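**Student:** The following comprises the amino acid sequence and a computationally predicted model.
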Amino acid sequence: MKYREEQTLHTVVEIHRKVLGTIRRLRLLQEGDRIVLGVSGGPDSVALLHILFALREQCGWTLAVAHLHHGLRGRDAEEDLEFVQGLSQDLGLPFFHGRLPEDALRSQKGSLQEAARKARYDFLESVRSHWGARCIAVGHQADDQAETVLAALLRGAGTKGLAGIPYVRGSVIRPILDLTREEILRYLDRRGLPYRVDPSNEQETFLRNRIRHHLLPLLREFYSPRIDDRLRRIAHLCAQEDAFMEASTDQIWRRLARLGDRRVEIPLSAYRETPAAVRLRLLRRSVAYLRGDTRGLSWVHLVRLDELALEDGRERWVHLPGRLRGVVGGGAVMLGWEEEFRSGCFRYPVEVPGETTIPEAGLRIRWELVEGTGLSRRRKGEGVLLDLEAMDGELVVRSPLPGDRFRPAGLGGSRKVKDLLIDAKVPRRDRWRVPVLVDRRGPLWVVGHRLDERVRPGPETKKILKAVPIPM
């Protein structure tokens, strides 16, 4: 009995020391922190709860427990909730729980596992904010890390994917990521601590479970008994390299990226001069900026857009996940929402005096009536001046139409509006956004470019329409 007690004490002390070493080495927690513990009831989260509870007085931490009922697994999930609530009560800790409607996650698009993961972290973050905690601690451990790296390798991931599970991401920390599953089970056994077993962890429909129960045992037996350690080492090295590359990408991103609400533009010449590894990260960062995440974005998408950027020729584009499009043309690499690059048309009546808003062009135009000979010269800097008496019928601002032709003031001869915009290097995808002022006889003004000779004011002009474009 005494030997058993010594073994138990030794195991507990070693585990506590190891976890505290991880926390201090990586500065995961500070003295006096308030911490929300995500506890599912499984062995990993139960171990996390008891380890941090044992260290709380020494480190001055305040703990709370949070558990989300996903609306899946029926009675098993109810028992998980009751079990975790009981643990919290036994330890005298605040307990927060959430409950999703039954099968709510199954009705969502995409992976059920991904939907459950997102719902859980959203819930934990809401608890953290409500309770005023600095961070959320979850129970990922070393075997999870090895499985994650192997899964990423099978997907063909780069260094970001091979970096595996981070110790810190946002407000989430993983204090027991250095403990193996064997160490955790031994800790629970030595202390006689109960935990729940999720039957879904045995279902081989999930890739992670197949890796855990088949691939890793095969690699351990026939290729390398230390494969887990080597996979974790790969994660560590890739995490360091990824951090360095992200810092380098930050500097280049701040210098090159032109950010709008609905698109990102990177000058093509500068993009081509950037090292390939950073180019792909710039594209990934652009997607994350627009969407807030990169789910569904693969190496294939990034490489295809990168290849298009290195080719010469006409405007070219590729579809990206999440209703995004990558476009190369007009001297830039652009990523934006599909509708940003989809040609459309608009038509707005003009009231004089008054104001016309053109959201497609990001402009509003103020129209004013001015009288007086020679104003075309005296007020040129205040807006665009047109001969009102030369106009015929109702005025409309619209998008360019095929066949639009006018006589550009000062150039002589007749030209197509399309050719004028091409010469002005307006990218093809944006030409439909250029407003054209027309009357019954045709174009009078290609906004931002040229007036028609017919409405150019002269010394004898008596009535002038002043148009003032104002960016929105």
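**Tutor:** It's in.
**Student:** residue boundaries of the strands in the stretch 1-150 of the chain?
**Tutor:** With strands called from DSSP state E, counting those that start in this stretch, the stretch 1-150 of the chain shows them at 34-38, 62-69, 95-99, 135-137.
**Student:** the inter-axis angle of the longest one versus strand 95-99?
**Tutor:** Right, the one you point to is strand 62-69. Here strand 62-69 runs at 20 degrees with respect to strand 95-99, directions being taken by axes from the mean of the first three to the mean of the last three C-alpha atoms, to 10 degrees.
**Student:** Pull out the buried positions in strand 62-69.
**Tutor:** 63, 64, 65, 66, 67, 68, 69 (16 or more other C-beta atoms under 10 Å). Yep, even glycine has a C-beta here, placed from its N, CA and C like the rest.
**Student:** same question, stretch 420-435
**Tutor:** Neighbour-count burial for stretch 420-435, with 16+ other C-beta under 10 Å as criterion, is recorded at 420, 421, 426, 427, 428, 429, 430, 431, 432, 433, 434, 435.
**Student:** Start and end of it, how far apart?
**Tutor:** In stretch 420-435, first residue to last residue: 13 Å (C-alpha to C-alpha, to the nearest Å).
**Student:** what distance separates that stretch from the middle of the whole chain?
**Tutor:** A distance of 30 Å separates the C-alpha centroid of stretch 420-435 from that of its chain, computed with C-alpha atoms, centre = their mean, to the nearest Å.
**Student:** still on that earlier bit, could you provide the strands of the stretch 1-150 of the chain in a markdown table, with additional columns for mean pLDDT and distance to residue 336?
**Tutor:** Compiled in a markdown table, the strands of the stretch 1-150 of the chain are given as follows (pLDDT from 0 to 100; distance: least, C-beta to C-beta, whole Å):
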| stretch | mean pLDDT | distance to residue 336 |
| --- | --- | --- |
| strand 34-38 | 98 | 36 |
| strand 62-69 | 96 | 35 |
| strand 95-99 | 94 | 36 |
| strand 135-137 | 98 | 34 |
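**Student:** Could you export stretch 453-468 as CSV, CA atoms only?
**Tutor:** Taking Å, rounded to 0.1, in the frame of the first residue of the first chain, the C-alpha atoms of stretch 453-468 are listed here in CSV:
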residue,chain,number,x,y,z
GLU,A,453,-16.9,68.3,-78.0
ARG,A,454,-20.6,69.2,-78.3
VAL,A,455,-20.9,70.4,-74.6
ARG,A,456,-17.4,71.9,-74.2
PRO,A,457,-18.1,75.5,-73.0
GLY,A,458,-16.8,78.3,-75.1
PRO,A,459,-16.3,82.1,-74.7
GLU,A,460,-19.9,82.8,-75.7
THR,A,461,-21.5,80.1,-73.5
LYS,A,462,-24.3,81.7,-71.5
LYS,A,463,-25.7,78.8,-69.4
ILE,A,464,-23.3,76.3,-67.8
LEU,A,465,-23.9,73.0,-65.9
LYS,A,466,-21.2,72.5,-63.3
ALA,A,467,-20.7,68.9,-62.3
VAL,A,468,-18.7,68.2,-59.1
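**Student:** oh, and call the first residue 22 from now on, that's how I've got it
**Tutor:** New numbering, starting at 22: the last item is stretch 474-489.
**Student:** so how far is residue 83 from residue 113?
**Tutor:** As for residue 113, its distance to residue 83 is 12 Å (criterion: C-beta to C-beta, to the nearest Å).
**Student:** Provide a list of residues in contact with residue 326.
**Tutor:** For residue 326, the contacting residues are 304, 339, 341, 347, 349, 354, 356, taking C-beta atoms under 8 Å, 6 or more residues apart in numbering as the criterion.
**Student:** next one: residue 437
**Tutor:** Residues touching residue 437, when contacts are defined by C-beta under 8 Å, 6+ apart, comprise 424, 425, 426.
**Student:** cool, residue 389 as well?
**Tutor:** Residue 389 sits in contact with 374, 404, 486, 487, 489, where contact means C-beta under 8 Å, 6+ apart.
**Student:** Would you agree the third one falls within a helix?
**Tutor:** Okay, so that is residue 486. No: with DSSP: H, G, I helix; E, B strand; the rest coil as the criterion, residue 486 is assigned strand and is not in a helix.
**Student:** Break the protein into its domains for me.
**Tutor:** The chain breaks down into these domains under automatic domain parsing: 23-254, 278-362, 368-492.
**Student:** Which parts of the stretch 222-371 of the chain are helices?
**Tutor:** Chain-ordered helices for the stretch 222-371 of the chain, with DSSP state H, counting those that start in this stretch as the definition, fall at 228-231, 237-243, 248-277, 289-294, 297-312, 320-331.
**Student:** Who are the packing partners of the first one?
**Tutor:** The one in question is helix 228-231. If contacts are counted by 3 or more C-beta pairs under 8 Å, 6 or more residues apart in numbering; DSSP states H and E, helix 228-231 sits against helix 163-176.
**Student:** same question for the helix it packs on, mean pLDDT?
**Tutor:** When pLDDT is averaged along helix 163-176, the result is 93.
**Student:** Equivalent analysis for stretch 365-375, please.
**Tutor:** Within the predicted structure, the mean pLDDT of stretch 365-375 is 85.
**Student:** Only the buried residues of that stretch, if you could.
**Tutor:** Counting neighbours by 16+ other C-beta under 10 Å, one finds that the buried residues in stretch 365-375 are 369, 371.
**Student:** just stretch 341-358 next, same as before
**Tutor:** Buried residues in stretch 341-358, defined by neighbour count with 16+ other C-beta under 10 Å: 341, 343, 345-351, 353-358.
**Student:** Repeat that for stretch 422-430.
**Tutor:** For stretch 422-430, the neighbour count (16+ other C-beta under 10 Å) marks 425, 427, 428, 429 as buried.
**Student:** mean confidence score for the one helix or strand residue 391 maps to?
**Tutor:** In this structure, residue 391 is located in strand 384-392 according to DSSP states H and E. Confidence for strand 384-392, expressed as mean pLDDT, is 87.
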